[in-house]
Every structure is written in structure tokens, then in C-alpha cells.
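> structure for the following, please:
(2 chains)
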Amino acid sequence: MFPIVKKRVLNPTVTLMEVEAPLVARKALPGQFIIFRIDEEGERIPLTIAGYDRVKGTVTIIFQKVGYTTEKLDTLNEGDALLDFVGPLGEPSHTEGVKRAAVIGGGLGVAIAYPQAKALHEAGCKVDLIVGFRNEDLIILKDELTAACTELTVMTDDGSNGNKGFVTQALQQKLEAGEKYDEVIAIGPLPMMKAVCDLTKPYGTKTIVSMNPIMIDGTGMCGGCRVTVGGVTKFACVDGPDFDGHEIDWDEAIARSRMFRPEEAQAKEKLKHVCRREQMADAAMKGGN
Amino acid sequence: MPNMSLTKNPMPEQEPSIRAANFKEVALGYTTEIAKTEADRCLNCKHAPCVKGCPVNVPIPSFIKKIKEGDFQAAYEIIRTQNGLPAICGRVCPQETQCESKCVRGIKGEPVGIGRLERFAADWAMNEGKISAETAPKTGKRAAVVGSGPAGLTCAADLARAGWDVTVYEALHTAGGVLMYGIPEFRLPNTLVQKEIDNIRALGVKIVTNAVVGRAMTIDELLNDDKFDAVFVGSGAGLPNFQKIPGESLCGVYSANEFLTRINLMKAYTFPQADTPIKVGSRVAVVGGGNVAMDAARCAKRLGADVYIVYRRSEAEMPARAEEVHHAKEEGINFLMLNNPVAIKGDENGFVSAMTCVKMELGEPDAKGRRRPVAIKGSEYDLPVETVIVAIGNSPNPLIKKTTPDLPTETWGGITTDDMGRCGKLHVYAGGDAVTGAATVILAMGAGKKAAAAILEDHP
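The predicted structure follows:
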């Protein structure tokens, strides 16, 4: 079992957990991911490693409540434990020799962009970190982000933080102003990463994206995580998860990410039943009349 | 007087129409009475040709003699001297090309049902007998085993019996490898595999799950930091092969590995009870002609689909066991022989709508003597399907090779070993699919056994 030693609610849909997993913590590097399973009936779900403490033997994950399993994960608290937690999986990000970078994070992707920006920044790279949220209330990790880059730009879709627009608009301004990046790193929802790639392509700026496709084992056995890169089938779990964004077949990746949408909705129904049952049990205990 | 019947006692089975709708075991096993009658067919030949056909040298006539005598515990113990996983082998070994192919009774009539008798003895011992966990005195020597599939478990069991301290590292959350994630419940129930693994644990073998060698630790770290005296690599087959035809990444195209793992390991056939889903269309094409293709097809059938096996050669060349093909046919699976997929077509949402196939004919024999299939020009047609399962083998997993630069490998990626599983790197041994490419459970077990012998010989 893998105990949850810390839980922090970052915003209403995003939660941070620190999990005791010494085997993972001692080898984890930015860009790699883990796979967890909550219980015996549970799915194997990949999550990017958001941080690690080799001395304490803990790994930090940050997740958004988007589906059945992440909703269920969010019901766990400090002192609870995960049944399975395996990693580090995937290839670490290659950041050697990058002197000037823009790291772009959208929504939950910010949590994953953060360790990458931090690693680059600590290696002496000048980092522009551009992150986007739907509104000001959803902004996460503000202090950590500020410390992990040379310049932080926070965008909101509705302008509630006084900076309205998408991350692509902020990046576009910088590119148009003549910024020359050795590398742009984009992490977030598929349409956002695609938009960043479309933007940087005419500038010929190398753009790396972190893919998070559906996978089962995560060690190079099931082949569910295949991504077409430059016309060749790659496996995100052993070849990635980082790929050259200009080479990715985005339409295919987006379609594949939606493959189990109806089943996901069906599973969420199950969660409602569980919640209702628990509420009824609670009510019965409290009521007593 | 031996039983001179020319035919084997038939295996009691679930009716095809019933079993095609459930995941329960197809073959029900011999009763005590049938087992004794079948054992009576064995002539107890002095030269025991059957043993020469067994990759792990089970003393076949001796255990069958004990079944004849009604001493089932003794029969089991005789098997167990050579075979750590008898209940599994009795179910999934291709006996017809191994022990039973050498049986004298097979010259005129059918050979003795050796596999069925092995299964009987193993099942009897598990349910009613005693399973010994005796080992030699501790030697103080320690081995790490990478992977808990048939090769790794066999090697671990043999070393533990010889008094070694053994730790098995398994990447998945459950031990058993392909026995758990690959072979379906209706051929090899997971509870039974679990019992065999528990028997191996009882020998003192430690199994660490969720441990990916090549990521969380390397072979060199196991040798140098953790001070293991020897490491056995039984990491199995790796990345699934695809045909490299258009449309293979459409939604609804699975590798057989993914399809079977969802069903067997993650229990997706019980979704939404289990959290992992599986999506199976009303018409399913399975590409390939091996046992894995048969397993995938029969799983899809049980999930309610009309299933087509699409194979580019003829039935004579199919690598699947005859018994599996027979069972699949009984269950109503359609076989499209001499058909080869050339493209997969999708709908506007990126889901599979059809597979374009071309008809084939057999041409000149290839290097292996199998007649090479040749496409018939202009014979393309669309097979309407919503799901395609690709079962055309695997390529070795790159993780260990990548993180162990001085481990010699073949050009196709398999680990290079001598006949006994010794690698070109000191104290490192390997066996099973990681060495041979996709093969059978029993060959992997044979390799695990040989490597254990080599480890014992090299570390006196």
C-alpha cells in the first residue's frame, strides 16, 4: 500500500497529493509519470509526476477531477493509502543545452509544466512561464510558479485576474516581439497543445509536448498509448511522453482520447450511486427518527 | 491388462452454446473414475519416449502409474519434482506436439491424455491433497528474478527449492505475467494461477509488485547495490506488433495485448463493476492465426460480438493449437483464411467502420517451409467491422536493453543467451519470450528451469 501523507486542495477541481513511494521517489525525474490504482476493482490511471522528495521517499501528484477514478481519488484523505503506485515511467524530459525557453501550461497542465520550468530554471535557463486558467479563482501554485521562472504570465479566459486571453495569445505577443526560444514546452489539454504547435510552427521554434494518452500497463506491453509522430507509430509509455509537437497527428490523438467517453459517463453514474448510498447511510445515522 | 481403447477419454466440457456466453472454464477436468481409466491406457514404456517430448522432463509414466494405483498425492509429487506449475501446464501446454506426440499409443489410435492427467493430479492436490513447501537448507545465496511470468516463476521456484533466497520483481500490480493478463479465464482461471503462485511463495520466494526493472532499478543496481549473486531476466514479450497499414490507430483498433489485458487482468468484462471499460463492436475482426488470436476472438465472442479471424495463410499453417481452433469453431467464430488486411477504414468520429482485406493464395515455400501467401490482384473487399484486434506478435521490451548497455542482444532486440540461459554479462541469465520472442508457456518454463540449473552450477 502507498500512504497519502499530504493532501492539498488547490482549487475546486484540482488536488495535490504527496504519496509515500520510495521506489519511485529515488529515480523520478521531470517529465516522467506514475500509474496508480485505488483498489481491487480500480483502473490503472497515469499521472505525470509533479514533484518528488528522495529523502522522504515521497512523490507528488496533482490531478483534476475529470473522470470516475480521479473523482474517487479525491475522496481519499491523508492517512488513506493507494493500492498500487508504480513508476517512474516514461522517458525524462531532455532539457540539456536549452538556454532560453517558454513553458506553456493550461489548466491542470500547469501542474506538470511547473516541475519542467523549475528544472530548466535551476539549470540556468531563462524561462518564460505562461499559464492559463478559466478564471482567477482557479489559479493554482502561484508562489511556486513565480519561483520557477524568469518571467511569469498568468492568463484567464474571462479576464478576472486583469489579464484576459489564452496562453497562445501571450506566447504570440512574445514571438511577434522577436523573442527567440531554443524550445517551447507546451503541456495541457490536447487542443491547447495543438494550438501552441500551430502558432510556433511558422517560426520554426522547436516545440515539445507532453502526451497523456489512454494506457493500461505503462511499461511497453499493451500498446494502447500509441501516438502517430511524423507518420510513425510511437508508444507514449516507452518512447514518450514528450514528443515533437510539430510531428504529432493531433486529430488522431484527440479522437483516441475520446474513445471511452460513453463508458466514462457510465462509470460516473456508479459514483453517484455510491455517494447517494453514503448520504442515505449518513442521514439514517444522524436522523434516528 | 491395460485399457486398449484407441481413443482418449473425452474431456468433459461446457456446451459450446452455453460457454460462448460466459467466462467460466471450458474444460471441466477428468473425474477420478475417468482419470483412472485414462491412466490405464499408459503402457508404462521403459524407454519413456513421452519424457523426451517434455521441455521440463516430467517423469510421465511414473506419475501416471500412481494415478492408476489411486495414489493421487504421489502422482502430484512426482510431477512437482520437475514442474513448478502443473495445474497450468495441464491446461495450456501444447501436449499434441510435445509429450503426447511421442506416445507409443499414438502410433495406432490416440496417445494417452497426458495433459489431462497432469491437470487431474494437480487439481486434486490443490483441492484435496497436500502441497509441500520443502526446500534445501539455506545456502546464503540470493537471486533477483525480473518478471513473474512462467519463466520467472519456474526459475524462482527451482532456486528457492535449492536453498536460495529469491526476490521476484514484477512491473504490474499482480504476479503471474501472461498467465494473468494474457490467457483468458475460460482457459486458465486466475484463481488457479494465484494458487500456483501462492505455492511458490510458500517456498519463501518474495514477490515485489509495482517494480519496473529498467526504470525504478537497473540490472547493475541489483547486482552491485543490492548484492544479488545472480539475476534472471524473464521480462516476457514486449511491445505489440502492428501491420503498419493505414488506420491502425483508429478508435476500436486494439493490440491483442491491450484487449486481453483489459479483460483478463482488469476484469473489464464485468464493467461497470470493475472500473476498466472495454468497447467491443457487434462485428469484430481478429488479425492473426496463433493462440493469442484464438483467445482474443473467443473473448470478443463472449462479449456478444460476431467474430471473424482473418488469417493470411490457410488453416494448415495456423500456429494455434488444433484444440483452440476446434473450440473457437464450436463457439461459432468465423474463419476467413487466406485473407490479409490492407487498410482499416474509419467513420467521421475516428471509429473503425470496416477493414479492407485482400484475398491470398499460397505460393512457393519460404525459408521455414511454410508456403508463402501471395495477394490475388483485384480481390480487395471491405469487411464491415467496428472493432479490430491485432494479434500478430510482439517485439522485445526495450527497457532492460536500454538501461543495461553491456547486455548483448540480437538484432531484433531479444536477449542473447547460450543454451542454458547464460547471457554475455556475468551473473545475468535470461529466458522465455524476452529471449525467444513470443513462444509458449512451457518453453518459457523450460528456459527458467535451465537457467536455474546454470545459476546453481555457476554459483556453487
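
> burial count for residue 134?
Chain wasn't specified; assuming chain A. Per other C-beta atoms under 10 Å in any protein chain shown, the neighbour tally for residue A:134 reads 15. Backbone N, C-alpha and C define where each C-beta goes, glycine included.

> hmm, no, I was thinking of chain B.
Neighbours around residue B:134, by other C-beta under 10 Å: 7.

> same check, this time on residue A:201
Residue A:201: 12 neighbours (other C-beta under 10 Å).

> got a pLDDT number for the residue lying closest to it once chain neighbours are set aside?
Of all residues not flanking residue A:201 in the chain, residue A:246 sits nearest, at 5.5 Å (C-beta to C-beta, 6 or more residues apart in numbering or on different chains). The model reports residue A:246 with a pLDDT of 97.

> residues in contact with the closest residue in space to residue B:278 that isn't next to it in sequence?
For residue B:278, the nearest residue in space outside its immediate sequence neighbours is residue B:268; the separation is 3.7 Å by C-beta to C-beta, 6+ apart. Shown in contact with residue B:268 (C-beta atoms under 8 Å, 6 or more residues apart in numbering or on different chains): B:262, B:274, B:276, B:277, B:278.

> pLDDT score for the third one?
The reference is to residue B:276. 93.

> does it touch residue B:270 like I think?
No. Using C-beta atoms under 8 Å, residue B:276 is not in contact with residue B:270, being 9.3 Å away.

> check contacts around the residue lying closest to residue B:44 once chain neighbours are set aside.
Spatial nearest neighbour of residue B:44, excluding adjacent residues (C-beta to C-beta, 6+ apart): residue B:61 at 4.7 Å. Taking C-beta under 8 Å, 6+ apart as the criterion, residue B:61 is in contact with B:42, B:44, B:45, B:48, B:50, B:51.

> 7 Å instead?
Counting by C-beta atoms under 7 Å, 6 or more residues apart in numbering or on different chains, residue B:61 makes contact with B:42, B:44, B:45, B:48.

> now the terminal residues of stretch B:65-73, how far apart.
12 Å (C-alpha to C-alpha, to the nearest Å).

> how about that stretch: buried residues?
The neighbour-count check on stretch B:65-73 (16 or more other C-beta atoms under 10 Å in any protein chain shown) flags B:65, B:66, B:67, B:68, B:72, B:73 as buried.

> which residues touch it?
By C-beta under 7 Å, 6+ apart, the residues outside stretch B:65-73 that reach it are B:35-36, B:39-40, B:44, B:74-75, B:78, B:117, B:121, B:124-125, B:129-130.

> hmm, back to that, part of a strand, is the residue nearest to residue A:201?
No. Per DSSP: H, G, I helix; E, B strand; the rest coil, residue A:246 lies outside any strand segment and is helix.

> one step back: nearest to chain A, of the contacts of residue B:268?
Set against chain A, the nearest of those by C-beta to the nearest C-beta is residue B:277 (3.5 Å).

> check which helix or strand covers the closest one.
Applying DSSP states H and E as the criterion places residue B:277 outside every helix and strand.

> that one and residue A:263 touch, don't they?
Yes. Using C-beta atoms under 7 Å, residue B:277 is in contact with residue A:263, at 3.5 Å.

> between the two, what contacts are shared?
residue B:271.

> report the strands that pair with the helix or strand containing residue B:310, each with its relative direction.
Per DSSP H and E, residue B:310 falls inside strand B:306-311. Paired strands of strand B:306-311, with direction, are strand B:283-287 (parallel), strand B:334-337 (parallel) (DSSP bridges).
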